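**Student:** Give me a model of this one.
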Amino acid sequence: MSRQAVLERFRGNSPLIAPSMLKCDFGDLGGEIDRLEAAGADSIHWDVMDGHFVPNLSYGAPVIESVRKRTELPFDAHLMISDPGRYLDDFLRAGCDLITIHIEAVPEPATLLRRIREGGAAAGLSINPGTPVAAIRDYLNNCDLVLVMSVEPGFGGQKFLPISLDKLAELRNILGREALLAIDGGIDPRTIGPAAEAGADLFVAGSAIFDEEDYRMAIARLRDACSS
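**Tutor:** Just a heads-up that it's a prediction; the model follows:
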């Protein structure tokens, strides 16, 4: 899917629910993707961790590529790694439609964000809970999406940090309504409403979906909580 096609698919369709595959059953990865698509997920979120930028390991481009033909849902690769530029081409070849890097890993991200776009994917930039919005303000014109971390990156199942709501509101004020604004960490029916009110469009959710037997009901519950 081209960068423009991804953006057209996402824009104006909030709330967008992106299940985080960090919490899935890796013994049945293809089946999990089938169930998420049938349940109404808007995209598949891949948390890529290197054990260096964050204190955990997850999976790499070959795993993502192995299931790319399983679905037409957009693949969103969240690169929580120290040197994303080194592996960028691997994730592009794997079929990732959106690739997000961290300002904490790449303090001068403009060149890499342009490389992502030139590779045909939408470009995202993420900030950790302790990083101020000012750190990415000069690079927002190079972004198709901004991702606010509402937990410390590296592990699933953490509690939502309310400080992220202030960042969402600040970014929405800067970006206007056209840019995509995402949030990742501790998203559940209790926290998704305030995050939506603060300006988020796309919500990465792990435990709130994968801890439930019925994925369709879990995703519907998240959507309902945005408007309640």
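**Student:** helix or strand for Ser126, which one?
**Tutor:** Element membership for Ser126 (DSSP states H and E) is strand 122-127.
**Student:** Which residues does that strand contact?
**Tutor:** For strand 122-127, contacts defined as Cβ atoms under 8 Å, 6 or more residues apart in numbering pick out 3, 6-7, 76, 78, 97-104, 109, 113-114, 116-117, 133, 135-136, 139-140, 142-149, 167, 182, 184. The C-beta positions use only the backbone N, C-alpha and C, and glycine is treated the same way.
**Student:** do that again at 6 Å, thanks
**Tutor:** Contact with strand 122-127 is made by 3, 6-7, 98, 100, 102-103, 109, 113, 116-117, 136, 143-147, as judged by Cβ atoms under 6 Å, 6 or more residues apart in numbering.
**Student:** Report the buried members of the residues you listed.
**Tutor:** 3, 6-7, 98, 100, 102-103, 109, 113, 116, 136, 143-147 (16 or more other Cβ atoms under 10 Å).
**Student:** So Ile17 sits against Ala220, correct?
**Tutor:** No. Contact between Ile17 and Ala220 fails when scored by Cβ atoms under 6 Å: they sit 9.3 Å apart.
**Student:** of these two, who's got more company?
**Tutor:** Ile17 (26 against 14; other Cβ atoms under 10 Å).
**Student:** do you know how far that one is from Leu202?
**Tutor:** 8 Å (Cβ to Cβ, to the nearest Å).
**Student:** again with Leu57
**Tutor:** Applying Cβ to Cβ to Leu57 and Leu202 gives a distance of 25 Å.
**Student:** next one: Gly193
**Tutor:** Relative to Leu202, and taking Cβ to Cβ, Gly193 is found at 15 Å.
**Student:** can you map out the helices along this protein?
**Tutor:** 3-10, 29-38, 61-66, 84-93, 110-118, 163-175, 192-198, 207-210, 215-227 (DSSP state H).
**Student:** what's the angle between the fifth one and strand 122-127?
**Tutor:** In this case it means helix 110-118. Helix 110-118 and strand 122-127 are oriented at 150 degrees to each other (axes from the mean of the first three to the mean of the last three Cα atoms, to 10 degrees).
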